[in-house]
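>>> Next come a sequence and a model predicted from it.
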Amino acid sequence: MQTSLRVTQFRESVIRDMTRLALQHNAINLSQGFPDFGTEQAIVEAAVTAVRDGLNQYTITWGYPPLRQKLAELYSERLGWAVHPDHHVTVTCGVTEAIVIAMMAVLNPGDEVIILEPAHDNFRPAAIMASAVPVAIPLTPPDYRITPEMLATAVTSHTRALLLNTPHNPTGRVWDAAELQAITDIVLKHDLVLITDEIYDRILYDGRSHLSPGSLPALRDRTITISGLGKTFAVTGWRLGYVVAPDELMSAIRPLHDFTSICAPTPLQAAGAAALSLPPSFYEATTAAYHERRALMMAILENSGFHATPPQGAYYIMADYRRLPIPQAQLPPMAFARWLTTEAGVAVVPGDSFYSLPGFGDGLVRFAFPKKRETLEEAARRLAGRLIQS
């Protein structure tokens, strides 16, 4: 049987692969980025009520109207322009769908899209599914900084878009003013579309606040802003993402969404509207809890012999294992990640899986820490038993 050329250019997610390996070996899953703690009860009850009240059929393909209204209000304030719920907001089945259809909306076969690496492993396949060419810019530890020079080197006459993830997974970077200016300059100079993945926009540390690149006046008309509810509200399995974009870009995105998934689950969208109605105290408590998890995870890594920089946002840490006092510290990332999962009972993601270019990500693994304290403490015991006593 003949299959398409595109499916030979990528494979299934390494992240989900590590979750399956964790399940097989009863490992603590610090690989895939989902919380293991409960969802706010008000959100759960809103979903139950929606199901019981009969919100179980298709909604408008763009999204459940009350949810779009909430998002329009939020993003009118965040982006600084009048976001209309009927024209500028589309609710998708997760950020993954949103990125795929955004790329399909603006890229033609042979067009190039710049992707900053390390990058989430759906970015490159999304470009390939759009018959476009992903062009990687490798960022390197410990700072993972974006420079004007690296951006300029990546642009060709075929470049049509740039994908920016902020706060950044897997490094935890929150791009500063100089880096955002470099992005702005390259986008304007070469007439590019900016696609942003902002799923961790509510998980920031040390007093930082999120800045949507699409709020910068020069970028407003050429930015597709993407985010979702799964990470902030601990409902990753609900698959609720959304796109906010100006008229011309949104008119290209909506037909793709319509014929990809029709609509996201209606009762869960209703619950999403309830989630966005939670008071500021919810976000304050969430921020405080993630500061505690970050501090605990950093202490665990330090005590176990890893070297890492505290993330500025999101809930991941890229850690260097090469100075661990064990023979396995010389293994390549995939072999080390599999060993740590099967032998130490703690699942992680190999650092080189976030790069498409060879030689990058060596000696690194990613830890995800959106977990209960007892989960992280059990991971600490397992790491200590296998790494410190070895």
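On my side now, so go ahead.
>>> mind giving me the domain split of the chain?
6-32+280-388, 41-275 (automatic domain parsing).
>>> is it possible to export those to a markdown table including mean neighbour count?
C-betas here are computed from N, CA, C, even on glycine. As requested, these are exported to a markdown table (neighbours: other C-beta atoms under 10 Å):
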| stretch | mean neighbour count |
| --- | --- |
| domain 6-32+280-388 | 18 |
| domain 41-275 | 19 |
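>>> Present those as TSV; the columns should include mean pLDDT.
Below are those laid out as TSV (pLDDT from 0 to 100):
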stretch	mean pLDDT
domain 6-32+280-388	95
domain 41-275	98
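>>> quick one: contacts for residue 118?
139, 144, 170-171, 318, 351, 354-355, 360-361 (C-beta atoms under 8 Å, 6 or more residues apart in numbering).
>>> List the single closest residue to it in space, sequence neighbours excluded.
residue 354 (3.2 Å; C-beta to C-beta, 6 or more residues apart in numbering).
>>> Tell me how far the one you found lies from residue 385.
For residue 354, the distance to residue 385 equals 28 Å [C-beta to C-beta, to the nearest Å].
>>> just residue 54 next, same as before
On the measure of C-beta to C-beta, residue 54 and residue 385 end up 52 Å apart.
>>> do the same with residue 249
Applying C-beta to C-beta to residue 249 and residue 385 gives a distance of 52 Å.
>>> contact partners of the helix ranked longest in the chain?
Scanning the chain for the longest helix, with DSSP state H as the assignment, gives helix 280-304. Contacts of helix 280-304 with the rest of the structure, by C-beta under 8 Å, 6+ apart, involve 40, 202-205, 232, 307-308, 310-311, 315, 317, 319, 324, 367, 369-371, 373, 376-377, 379-380, 383-384, 387-388.
>>> The following helix or strand past that helix pairs with which strands, and in what direction?
Once helix 280-304 ends, the next helix or strand along the chain (criterion: DSSP states H and E) is strand 307-308. Paired neighbours of strand 307-308 in the sheet (DSSP bridges): strand 316-320 (antiparallel).
>>> tell me what the next helix or strand after the partner strand is packed against?
Sequence order places helix 333-339 as the next helix or strand after strand 316-320, per DSSP H and E. Secondary-structure packing of helix 333-339 (3 or more C-beta pairs under 8 Å, 6 or more residues apart in numbering; DSSP states H and E): helix 14-24, strand 349-350, strand 364-368.
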